[in-house]
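> Structure for the following, please:
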Amino acid sequence: MKMRRITAALALAGLGLVPQLALAQADKPVIDAVETYFDFVDANGGTILAEQIPAEDYKKFHVLDVRDAGQFAKEHIPGAVNIEWRKVFAERAQLPKGKTILVYCNTSSFAAQVAMALRLDGFENVRMLYGGFNQWKAAGGMDAYARATKKQ
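The predicted structure is shown next:
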């Protein structure tokens, strides 16, 4: 029940309904979960740049594309698994607890919500691809690290 409330709050916040949420009173378990999250999360929120990931390291991640199925079918990071952002929390049992999850969407907005919800549920191994798929492509995709570390 607690996680259902958190998920609903995150979804509403993502829709720009933050002023309405300010009127709601969170119950103690929700407040405790959010406080625990903010104690845990580091300054960059678990983000990682495409330029920080060597191409061969993508195999070390469970790459999670949270865009819709049509976008995923058109193009995605090789090896990625697709679960639309709204369904990730309900289908979280499919996600590995022992492998780092690299989550992305187009720009990071939905991926940030997914990463926060998963962390609140105890997934400590979630990283978000900074800037999402769009920035990943612009940086060179699988070759972003090689490009960034190439000597000028």
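
> Helices of the protein, start to end?
Assigned helices in the chain, in chain order: 2-14, 18-23, 28-40, 69-74, 85-88, 109-120, 132-139, 144-149 (criterion: DSSP state H).

> buried set for the fifth one?
Within helix 85-88, the residues that qualify as buried by neighbour count (16 or more other Cβ atoms under 10 Å) are 85, 88. Heads up, the C-betas are built off the backbone N, CA and C, glycines and all.

> what's it packed up against?
helix 109-120 (3 or more Cβ pairs under 8 Å, 6 or more residues apart in numbering; DSSP states H and E).

> just the last one next, same as before
Contacts defined by 3+ Cβ pairs under 8 Å, 6+ apart place helix 144-149 against helix 132-139.

> Please identify the buried residues of the helix it packs on?
For helix 132-139, by 16+ other Cβ under 10 Å, it's 132-133, 135-136, 139.

> ok, now how distant is Val114 from Ala55?
Distance of Val114 to Ala55, computed by Cβ to Cβ, to the nearest Å: 24 Å.

> Which of the two has more residues huddled nearby?
Val114 (27 against 14; other Cβ atoms under 10 Å).

> least trustworthy helix or strand in the protein by mean pLDDT?
helix 18-23 (a mean of 50; mean pLDDT, DSSP states H and E).

> comparing the helices of the chain, which gets the lowest mean pLDDT score?
When the helices of the chain are ranked by mean pLDDT, helix 18-23 comes last with a mean of 50.

> Ala144 against Trp136, yeah?
Yes: assessed by Cβ atoms under 8 Å, Ala144 is found in contact with Trp136 at 6.8 Å.
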